[in-house]
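[1] Predicted model, plus sequence, below.
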Amino acid sequence: GFDGVDYSTNVYVYPLLTPYYGVSPTSGSSTGGYSVVITGTGLGNGSDITNVTICGVPATILAGQSATQVVVAAGQSAPGLGDVRVYSTSSGETVKSGGFTYIRETQASLAFSPASPQAYLTTNALSVSGGSGTGAVTYVVLSGPGLIVGGTNLAITAGTGTVSVSATKAQDELFYAASVTSSVVAAKADQTISFPNPGAQTVTNGVVLGATASSGLGVSFAVLSGPATITGGTNLSFSTSGQVSIVASQAGNSDWNAAPDVTNTFNVTKVGASSVTLSDLIHTFDGRAHGATASTVPVSLTVDLTYNGSATIPTTAGSYNVTGTINHLVYSGQATGTLTIAAFVPAGSGTALDPYRITRVEHLAWMGDTVASSSGKYYTVQNDIDASDTTNWYGGAGFAPIGTDSGAGMPFTGIFNGNGNVISQL
């Protein structure tokens, strides 16, 4: 450079005959590391500078010093105003009072992305990245349903809304404080239901239903299927036997999602009766239907009777397997027995010398019941027979013929002697 008198290298231009005492720049970042040019007189002979301090902090002397200019790299310092001092062997100490101000620097950007959405009553750890310096990070809820817990955790206090959270990296000696704001959407929390199965029941039982939701909210019950009724919200009763399914529900609210329904299924059985007793099991044939009767404990329960598996009450002479089954919504029970309708068997053995002696219309019915074995047998009518009552036989069907025509049927093949007697109104 040229100063009006001569050319020099590695120096800044110094105005001819116009001395200037100064520092450029007069301020800079506390982080240091940048060049500072000190100009003036009494800065040494250009090669004997031993030390330079800025605000009391040693600076690094760069190449290119002269008697009127020194270039240094500023060191790192706390912010504030201070002196610039140059020490040289030839000139000693040269001071520029209040010549430089260290100032804090703006931090690098903070990155803050908390998890969102966040469910009600959950707590998530918060963290930031970026920034500068050693300042501590703090978090503050600016608005919305949230709380900072333990200094670094966000707790959500409602199931709806948006939480605004600020993260601040504090100021230190080198950097100003920096803040960033982010949002977290509050979400409803999930819940579950605990519903123990009531287990097998009898019809007369009453059950108080009980279930709990993890949310602490009340649980409701409904009969999904089966012979059951719920009263008062939790009181379960039964109308008869069968399979019952009960569903427990919790619909949720502004903070909780609806819980998945829980269904319990169990069997309901009738109460066994202490006894079923069959009676009237012995009858004599008279062409009419004759059935058994039944009594129960407890009394007056309906009993369904079957005879050889049929509900039809028998009229024909013979033996029948009887089953009596209680037909009741609450009670159950069963008994078995044998019903006998005895035939009127005529006297005699059926031989020519000792024929069957027919004296009443029931003997004629017996002949029809035994027609299959009539071959070679002898039958004689001993007296007139009034058969008018047969109009009421077999449920009004009347007297059944003795045997059938030859062919596919079963004809009568015995020897029948009416002896001149009259069978009327058959």
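    Thanks, I have the structure now. These numbers come from a predicted model, not from an experiment.

[2] Where do the helices of this protein begin and end?
    Along the chain, the segments classed as helices by DSSP state H run 361-369.

[3] Which elements pack onto the lowest-mean-pLDDT helix or strand in it?
    Between all helices and strands in the chain, the lowest mean by mean pLDDT, DSSP states H and E belongs to strand 271-272, at a mean of 83. For strand 271-272, the elements it packs on are strand 331-332, judged by 3 or more CB pairs under 8 Å, 6 or more residues apart in numbering; DSSP states H and E. In this view, the C-beta of every residue, glycine as well, is placed from N, C-alpha and C.

[4] what about the residue nearest the centre of the chain, distance to A213?
    What sits nearest the mean C-alpha location of the chain, by CA atoms, centre = their mean, is P260, with 3.1 Å. The gap separating P260 from A213 is 11 Å, by CB to CB, to the nearest Å.

[5] residues contacting K169?
    K169 is in contact with Q107, L110, V128, G131, S132, G133, G135, A136, V137, A177, A178, S179, counting by CB atoms under 8 Å, 6 or more residues apart in numbering.

[6] Would you write a ChimeraX line that selects the buried entries of those?
    To isolate the buried ones among the contacts of K169 in ChimeraX, judged by 16 or more other CB atoms under 10 Å, type:
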select :107,110,128,131,132,133,135,137,177,178,179
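
[7] residues bridging contact with P260 and A213, i.e. touching both?
    Counting by CB under 8 Å, 6+ apart, the shared contacts of P260 and A213 are T192, I193.

[8] what number of residues lie near the nearest residue to P145 once chain neighbours are set aside?
    Distance criterion CB to CB, 6 or more residues apart in numbering; nearest residue to P145, sequence neighbours excluded, is A158 at 3.5 Å. Using other CB atoms under 10 Å, A158 has 16 other residues around it.

[9] S143 versus A158, what's the distance?
    Applying CB to CB to A158 and S143 gives a distance of 12 Å.

[10] so where is the stretch 101-250 of the chain shaky, pLDDT-wise?
    By pLDDT under 70, the stretch 101-250 of the chain contains no weakly predicted segment.

[11] Can you name the residues bridging to T53?
    T53 has these beta-bridge partners by DSSP bridges: P58, R85.

[12] on that earlier part again, gap between the least confident helix or strand of the chain and the chain center?
    Relative to its parent chain, strand 271-272 has a centroid offset of 36 Å by CA atoms, centre = their mean, to the nearest Å.

[13] partners of that strand, with directions?
    Under the rule (DSSP bridges), strand 271-272 has strand 331-332 (parallel) as partners.

[14] Distance-wise, check S310 relative to T284.
    Per CB to CB, S310 is found 21 Å from T284.

[15] ok, the two, which is more surrounded?
    More neighbours surround T284 than the other of S310 and T284, with 12 against 9 (other CB under 10 Å).

[16] That one pairs with what?
    Beta-bridge pairing of T284 under DSSP bridges involves A342.

[17] Neighbours of the residue nearest to T234 when sequence neighbours are not counted, how many?
    Distances taken as CB to CB, 6+ apart put L209 closest to T234, at 4.6 Å, once the chain neighbours are dropped. L209 has 18 neighbouring residues, counting by other CB under 10 Å.

[18] got the contact list for L278?
    Contact analysis of L278 by CB under 8 Å, 6+ apart lists A292, T293, A294, V322, G324, A335, T336, G337.

[19] D389 now?
    By CB under 8 Å, 6+ apart, the contact list for D389 reads G287, V361.

[20] give me every residue that touches the residue nearest to T234.
    Here L209 is in contact with P198, F221, I230, T234, N235, L236, I246, A248 (CB under 8 Å, 6+ apart).

[21] Which one (most neighbours) among those?
    Within those, most neighbours by other CB under 10 Å means I246, with 24 neighbours.

[22] What is the neighbour count of the residue nearest to that one when sequence neighbours are not counted?
    Excluding its sequence neighbours, the residue lying closest to I246 (CB to CB, 6+ apart) is N264, at 5.4 Å. Using other CB under 10 Å, N264 has 18 other residues around it.

[23] Do I have it right that N264 meets A200?
    No. Shown here, N264 and A200 do not form a contact pair, counting by CB atoms under 8 Å, at 11.6 Å.

[24] who's in contact with the least confident helix or strand of the chain?
    Applying CB under 8 Å, 6+ apart, the contact partners of strand 271-272 are T202, V203, T204, V330, Y331, S332, G333.

[25] What's the separation between the nearest residue to the fourth one once chain neighbours are set aside and S332?
    Right, V330. Excluding the flanking residues, the one nearest V330 by CB to CB, 6+ apart is V203, at 4.5 Å. Noted for V203: a distance of 9 Å to S332, by CB to CB.

[26] With N421 instead?
    In this view, N421 and S332 are 56 Å apart by CB to CB.

[27] same deal with K169?
    For K169, the distance to S332 - CB to CB - is 79 Å.

[28] Hmm, I326 is touching V299, no?
    No. I326 sits out of contact with V299 when judged by CB under 8 Å, with a separation of 11.8 Å.

[29] The two: who's more crowded?
    Set I326 next to V299 and count neighbours by other CB under 10 Å: I326 wins out with 20 against 7.

[30] Tell me what the more buried one is bridged to.
    According to DSSP bridges, the partner residues bridging I326 are V303.

[31] That one and D280: what is the separation?
    I326 sits 18 Å away from D280, going by CB to CB.

[32] Likewise for G291?
    G291 sits at a distance of 7 Å from D280 (criterion: CB to CB).

[33] before we move on, what about D48?
    Distance of D48 to D280, computed by CB to CB: 145 Å.

[34] Repeat that for A397.
    Distance from A397 to D280, by CB to CB: 23 Å.

[35] for T263, which residues make a bridge with it?
    V247.

[36] got a list of what the residue nearest to P145 touches?
    When contacts are counted by CB under 8 Å, 6+ apart, A158 is found next to Y120, P145, A186, S254, D255.

[37] ChimeraX command to pick out the buried ones of these?
    One line in ChimeraX is enough to select the buried ones among those; burial here means 16+ other CB under 10 Å:
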select :120,145,186,255
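
[38] Near S116, how many other residues are there?
    Each residue near S116 was counted by other CB under 10 Å, and the total is 14.

[39] now it: how far from S225?
    Counting by CB to CB, the gap from S116 to S225 is 43 Å.

[40] Over to N383?
    Separation of N383 from S225 (CB to CB): 69 Å.

[41] more neighbours, G291 and D280?
    The neighbour count for G291 versus D280, taken as other CB under 10 Å, is higher for G291 (19 against 12).

[42] What pLDDT is listed against the closest residue to the more buried one other than its chain neighbours?
    Leaving aside its chain neighbours, G291 sits nearest to I313 (4.0 Å; criterion: CB to CB, 6+ apart). You'll see I313 listed with a pLDDT of 96.
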